[in-house]
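[1] I'd like to go over a predicted model; first the sequence, then the structure.
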Amino acid sequence: MFVKGNEKLEVKRDILWRVYLSYILVVVACVAIFGKAVYIQQVEGKYWRSMSDSLHQKINEIEAERGTIYSEDGQMLSTSIPQFDIYMDFRVAPLREKNGQRFRDNLDSLSYCLATLFGDQSQGEYKTLLKQGYRDNSSYFLIKKKISFREYEQLRKFPLFRLGRYKSGLIANERTIRLNPYQMLAFRTIGLARDSNKVGLELAYDSVLKGRNGKQWVRSIAGGVTVPVDDTYEIEPETGKDIVSTIDVFIQEVTENALMKMMQKNEAEHGCAIVLEVKTGKIKAIANLGKRSNGSYWEDFNYAITPSEPGSTFKLATMLALLEDKKVSLNQTVNLEGGTWKIAGQTVYDSEKHGRTDVTIQKAFELSSNVGMAKLAAAYYAATPGAFISHLKKMRMDTVTGIDLKGEKPPVIYKPGGRFWGPTTLPWMAFGYNLAVSPLQTAMLYNAVANGGKMMRPYLVSAIKEEGVLLREIKPVVLDEKICSDQTLRQLKTCLEGVCTAGTATELFKNTPYSVAGKTGTALVADNNRGYADKIYQSSFAGYFPADNPQYTCIVVIKNKPHAAVFYGGSVAGPVFKEISDRLYSTYVRQSGNNQAAPVKKDSTAFTYTGMKQDISFIASTLGLPYRDSAGRTDEWINIYGKDATVVMNKKPVQRGTMPQLKGMGLKDVVYLCENMGLKINVKGKGKVTQQSVQAGQVVAPGQLINIELN
């Protein structure tokens, strides 16, 4: 028994020793773990936190706000506006306090406000959405994307959100988008600001507009989303500079609308219209319209700087060369052969049948005779074609205009001796074939004639500004002080004016109250690989107005559909030119020189005003408005009225205790007058008084309420 008791005791001791050892080991392990945790937190904490930040924080580039493109009359043509993506962080402590009491108290009102503002979901749907985000404890829960600044300003005042970011969990990610307020208006010329898809001014002046990007620390959270670490920047973004274009919104709108109407009417393929300011070369309007697959039109391509066969508008260059070299005179005759002429096995045709034979060279130009121009070029330049090409170089027909846009394509002018030069090249060049120039190049030539021979470089930007302060003014550039002699210039002007009075544009400008100088053009153009079989004509009209004191140069070029019923330049492009010139003449043109301005007529519009005499007298004196004063020197209140160009001032009786006539008075005067009489007024509306509750002449007492209505 004793032995068995000792055995039991030994077993018990063995078990207890093992238990104690295990306990001690667990305690030691716990102490070691706790000690290591303290060591990591207190000693190595800074290191590991920096490691965590390096994994979850980075520097993001903050895109600078892009500068604005303005029209010359101060309208925004392209600008950057802020847009916001709205999220909520439901993990912020104030939303979780007291079992989410703050969130629950504001849930209904916030849901109502969101539904009212956006209108895309009901209050109940927004309530469910918010509850879902709260239940999921989401740190970056999407509420709404792409909201405007106005909507964001309203949203910040909503229940809960008005408490600020750190109490409501509101997160607003701001970005900027590019907006063209006028949509299609000069859309291609202004351009797109979409990274690799920039064109127009947005591309040409990208380095000026884009500014300098900033840098900011951001933290990565779930879903790969980043949020700012704080509101400070490593480098502040620098807003881009603004540019002021030469575009005039009114002229651009007139030009675009006139072109659009004709394009739709004639179902044309594409077209362009350009308006230049004669003295400076400023492009006041440039419209480019192309037909889309659905039949609508859009500013899809810059046709104004794309070369094509110009047709008869190029005959001005041929006439300049002939006259400048004194090869011909305007009274000299040329045989038009009835409208057809053969040379080197090819036949030249006049586009319009006329049956004429011997006519003056001026008349040949006015009739837009291809035969006449071809015969003259062949007769005088066949032996020395280089002399003709030299004139084209002088007119800068062999090079780009230098407009401040990227993508201007060079012209195509064949040279003698080249592989494309043949016996018919020169005669066909004389009437605008076998070469390609852009509409802008043609406009530049016509503008030089209008400008007394001085050729100006067309340009689109006149100034660079920063926050309204002028940094750089871009001035007009003269490309050539004189493209030809004064004698040649006078003869060219005579020919261009003759087209509009006795030539192919006679009917178009009949009874026009101003003179026009211009040239019609009709060119048969190739349809890609199909050649000329589809009978596609390009209609054009180039000219300037008023002819006796040129203010604007305009060119219209329209490529018609195959087998179009109407295709002559005077019938398609001409009416567009005329609509533009009519509107600009009546709105902008300032006549000078021998043109006498119409006599000024006095304004006979009837009007009447009521107020204090000293105020109205001051205004009349400041405006230089003559009037007849029938009021006494001591009268405080007066009426001033005009009728049949006569302005009269007479007294307005005001007696204490009697209701005065308030009709026609402004609110300031009404308040002053009534309060001086001790009356109280209740006002509805704004403007001038149209109704009063107590009629003039009735007895009133101090403290009486008068209701008045303003218009």
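    Great, that's in hand.
[2] how close does Val437 get to Thr189?
    Val437 sits 19 Å away from Thr189, going by Cβ to Cβ, to the nearest Å. Using the backbone N, CA and C atoms, a C-beta is placed for each residue, glycine as well.
[3] how about the helix or strand containing Val31: buried residues?
    Assessed by DSSP states H and E, Val31 sits inside helix 2-38. Neighbour counts over helix 2-38 (16 or more other Cβ atoms under 10 Å) mark no residue as buried.
[4] what helix or strand is Lys365 on?
    Let me fix one detail, which is that residue 365 is Phe and not Lys. Using DSSP H and E, Phe365 falls in helix 361-366.
[5] tell me the mean pLDDT over that helix?
    Average pLDDT, helix 361-366: 95.
[6] same question for stretch 588-599.
    Rounded mean pLDDT across stretch 588-599 is 48.
[7] could you dump the longest strand anywhere in the chain to PDB, C-alpha only?
    Counting residues, the longest strand found in the chain (DSSP state E) is strand 76-88. Taking C-alpha atoms only, strand 76-88 is exported to PDB below (Å, rounded to 0.1, in the frame of the first residue of the first chain):
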ATOM      1  CA  MET A  76     -15.800  82.300 -74.400                       C
ATOM      2  CA  LEU A  77     -15.200  79.900 -77.300                       C
ATOM      3  CA  SER A  78     -13.600  77.100 -75.300                       C
ATOM      4  CA  THR A  79     -13.100  76.900 -71.500                       C
ATOM      5  CA  SER A  80     -12.500  74.500 -68.700                       C
ATOM      6  CA  ILE A  81     -15.200  73.900 -66.100                       C
ATOM      7  CA  PRO A  82     -15.000  71.800 -62.900                       C
ATOM      8  CA  GLN A  83     -16.800  68.500 -62.600                       C
ATOM      9  CA  PHE A  84     -17.100  66.400 -59.500                       C
ATOM     10  CA  ASP A  85     -17.500  62.800 -58.500                       C
ATOM     11  CA  ILE A  86     -19.200  62.500 -55.100                       C
ATOM     12  CA  TYR A  87     -18.400  59.700 -52.700                       C
ATOM     13  CA  MET A  88     -19.000  59.000 -49.000                       C
END
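[8] tell me the helix or strand right after it.
    Remark: after strand 76-88, the chain's next helix or strand is helix 93-96, criterion DSSP H and E.
[9] elements contacting the following helix or strand past that following helix?
    Of the helices and strands lying after helix 93-96 in sequence (DSSP H and E), the nearest is helix 101-118. On a contact count with 3 or more Cβ pairs under 8 Å, 6 or more residues apart in numbering; DSSP states H and E, helix 101-118 meets helix 93-96, helix 123-135, strand 141-148, helix 149-155.
[10] adding distance to Thr340, write those out as CSV.
    What follows is the helices and strands packed on helix 101-118, written out as CSV (distance: least, Cβ to Cβ, whole Å):
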stretch, distance to Thr340
helix 93-96, 89
helix 123-135, 77
strand 141-148, 64
helix 149-155, 67
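[11] which one, of the ones you listed, ends up nearest to Gly169?
    Ranking the helices and strands packed on helix 101-118 by proximity to Gly169 (Cβ to Cβ) places helix 93-96 first, at 5.7 Å.
[12] what helices or strands is the helix or strand that the helix holding Phe365 is followed by leaning on?
    Downstream of helix 361-366, the next assigned helix or strand under DSSP H and E is helix 370-381. Here helix 370-381 touches helix 315-324, strand 333-335, strand 340-343, strand 346-349, helix 361-366, helix 385-394, helix 425-430, going by 3+ Cβ pairs under 8 Å, 6+ apart.
[13] nearest to Trp17, of these?
    Here helix 385-394 is closest among those (Cβ to Cβ), at 113.0 Å.
[14] tell me which of the helices and strands packed on helix 370-381 is the most buried.
    helix 361-366 (a mean of 25; mean count of other Cβ atoms under 10 Å).
[15] which residues are contacting that helix?
    315, 319, 322, 328-334, 336, 356, 372-373, 376, 494-495, 498-499, 502-504 (Cβ atoms under 8 Å, 6 or more residues apart in numbering).
[16] quick one: residues contacting the closest residue to Pro653 other than its chain neighbours.
    Distances taken as Cβ to Cβ, 6 or more residues apart in numbering place Pro660 nearest to Pro653, at 7.6 Å, with adjacent residues excluded. Residues counted as contacts of Pro660 (Cβ under 8 Å, 6+ apart) are 637, 652-654, 673, 696.
[17] give me the pLDDT value at the residue most central in space within the chain.
    What sits nearest the mean C-alpha location of the chain, by Cα atoms, centre = their mean, is Leu77, with 2.4 Å. Note on Leu77: pLDDT of 88.
[18] hang on, isn't it packed against Ile69?
    Yes: judged on Cβ atoms under 8 Å, Leu77 makes contact with Ile69 at a distance of 4.7 Å.
[19] between those two, what contacts are shared?
    With contacts defined as Cβ under 8 Å, 6+ apart, the residues shared by Leu77 and Ile69 are 190, 245.
[20] quick one on the thing from earlier: of the contacts of helix 361-366, grab the buried ones for PyMOL.
    This is the PyMOL syntax for the buried subset of the contacts of helix 361-366, where burial follows 16+ other Cβ under 10 Å:
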select buried, resi 315+319+322+328+330+334+336+356+372+373+376+495+498+499+503+504
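[21] and Met659, what is it in contact with?
    Residues in contact with Met659, defined by Cβ under 8 Å, 6+ apart, are 692, 694-700, 706.
[22] now these in JSON lines, with secondary structure, distance to Glu63 and pLDDT?
    Output for the contacts of Met659, formatted as JSON lines (DSSP: H, G, I helix; E, B strand; the rest coil; distance: Cβ to Cβ, whole Å; pLDDT from 0 to 100):
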{"residue": "Gln692", "secondary structure": "strand", "distance to Glu63": "59", "pLDDT": "83"}
{"residue": "Val694", "secondary structure": "coil", "distance to Glu63": "63", "pLDDT": "80"}
{"residue": "Gln695", "secondary structure": "coil", "distance to Glu63": "65", "pLDDT": "79"}
{"residue": "Ala696", "secondary structure": "coil", "distance to Glu63": "65", "pLDDT": "78"}
{"residue": "Gly697", "secondary structure": "coil", "distance to Glu63": "69", "pLDDT": "75"}
{"residue": "Gln698", "secondary structure": "coil", "distance to Glu63": "68", "pLDDT": "78"}
{"residue": "Val699", "secondary structure": "strand", "distance to Glu63": "72", "pLDDT": "78"}
{"residue": "Val700", "secondary structure": "coil", "distance to Glu63": "66", "pLDDT": "79"}
{"residue": "Ile706", "secondary structure": "strand", "distance to Glu63": "59", "pLDDT": "83"}
